[in-house]
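Enquirer: What follows is a predicted protein model with its sequence.
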Amino acid sequence: MSESRSGDRDPAVRGSAEVERPQGATAARPAARPALRDRLVPAPAQGFGVTFAQMFRTVTTEQYPFEPKVTKPRYHGRHVLNRHPDGLEKCVGCELCAWACPADAIYVEGGDNTEDARFSPGERYGAVYQINYLRCIFCGLCIEACPTRSLTMSNDFELADDNRRDLIYTKEQLMAPLLPGMEQPPHPMRLGDDEKDYYLREPEVRS
Ligand code: SF4
Ligand code: SF4
């Protein structure tokens, strides 16, 4: 009996129904005939035909960066730290976003608000906030973890740079801009007497 291809494996594992393939069966198979097109049209003419047909297809080339690329509405781009309507920061420095991040890309240090220097409506605010875009994989787990909806993601994807330091974004770079009616913190609470007023109702901004 000739040795099978499975080498020295246990015959009990292989089973007794293994069929020995006849040697040389592949070599006896007749060679495939060339397609009719290959027999009638020379190869160079086929190549030029592909090129000619391509001239009538829709052009998909994008002229980026001369024509800005428009992303899908829910694209995960650069992060934004949002503000309340009076300009106070929504971030309370809880670090939940940093704990949720699988890439360890977020660094937060919380600070205590005082009546003389208030940055957010609650007791604490994000004194230091950094996102390392060399680590971030834009998964969005951090924005899911944020309890105040302070942290969201924009559609901005233009984050390339030529050095590592500039890809660690600071709080100042991530903060949302001041809109009309907003005031640069620190300043007192304008929308209520305590932080619940900021989350449980939407009062008008005091003058
Ligand atoms: S998007 Fe993902 S990887 Fe990037 S900072 Fe948030 S949790 Fe971390
Ligand atoms: S961004 Fe949100 S989750 Fe992160 S520290 Fe601020 S409040 Fe907490």
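Expert: In hand now; what should we look at? Ligands and ions are numbered 1, 2, ... in the order given.

Enquirer: now the strands for the chain?
Expert: Remark: strands assigned in the chain by DSSP state E are 79-81, 106-112, 124-132, 151-153, 168-169.

Enquirer: The fourth one pairs with which strands, parallel or anti?
Expert: In the sheet containing strand 151-153, the strands it pairs with under DSSP bridges are strand 79-81 (antiparallel).

Enquirer: chain center to the strand it pairs with, what's the gap?
Expert: On the basis of Cα atoms, centre = their mean, to the nearest Å, strand 79-81 is displaced by 14 Å from the centre of the chain it belongs to.

Enquirer: Tell me the buried residues in that strand?
Expert: For strand 79-81, the neighbour count (16 or more other Cβ atoms under 10 Å) marks 79, 80, 81 as buried. Where C-beta positions appear, they are placed from N, C-alpha and C, glycine not excepted.

Enquirer: For the first one, give me its contacts.
Expert: Translated: residue 79. For residue 79, the residues meeting the contact criterion (Cβ atoms under 8 Å, 6 or more residues apart in numbering) are 131, 142, 143, 151, 152, 153, 154, 169, 174.

Enquirer: Does the fifth one touch residue 77 like I think?
Expert: No. The criterion here is Cβ atoms under 8 Å, and residue 152 misses it with residue 77 at 10.3 Å.

Enquirer: about what we covered before: let's have the buried residues of strand 79-81 in TSV, adding pLDDT and distance to ligand 2.
Expert: Converted to TSV, those look like this (pLDDT from 0 to 100; distance: Cβ to the nearest ligand atom, whole Å):
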residue	pLDDT	distance to ligand 2
79	98	9
80	98	10
81	98	6
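
Enquirer: ok, of those, which one's closest to ligand 1?
Expert: residue 79 (6.9 Å; Cβ to the nearest ligand atom).

Enquirer: For that closest one, give the beta-bridge partners.
Expert: Counting by DSSP bridges, the residues bridging with residue 79 are residue 153.

Enquirer: quick one: average confidence on stretch 89-108?
Expert: Stretch 89-108 shows a mean pLDDT of 98.

Enquirer: can you tell me if that stretch touches ligand 2.
Expert: Yes. Stretch 89-108 is in contact with ligand 2 by Cβ under 6 Å from any ligand atom, via 91, 92, 93, 94, 95, 96, 97, 108.

Enquirer: Which residues does that stretch contact?
Expert: Contact partners of stretch 89-108, identified using Cβ under 8 Å, 6+ apart, comprise 81-84, 109-111, 119-120, 122-133, 135-137, 139, 141-151, 175, 185.

Enquirer: same check, this time on stretch 125-138
Expert: Residues external to stretch 125-138 that are found in contact with it (Cβ under 8 Å, 6+ apart): 76-79, 81, 89, 91-93, 101-111, 113, 118-120, 150, 153, 159, 164, 167-171, 174.
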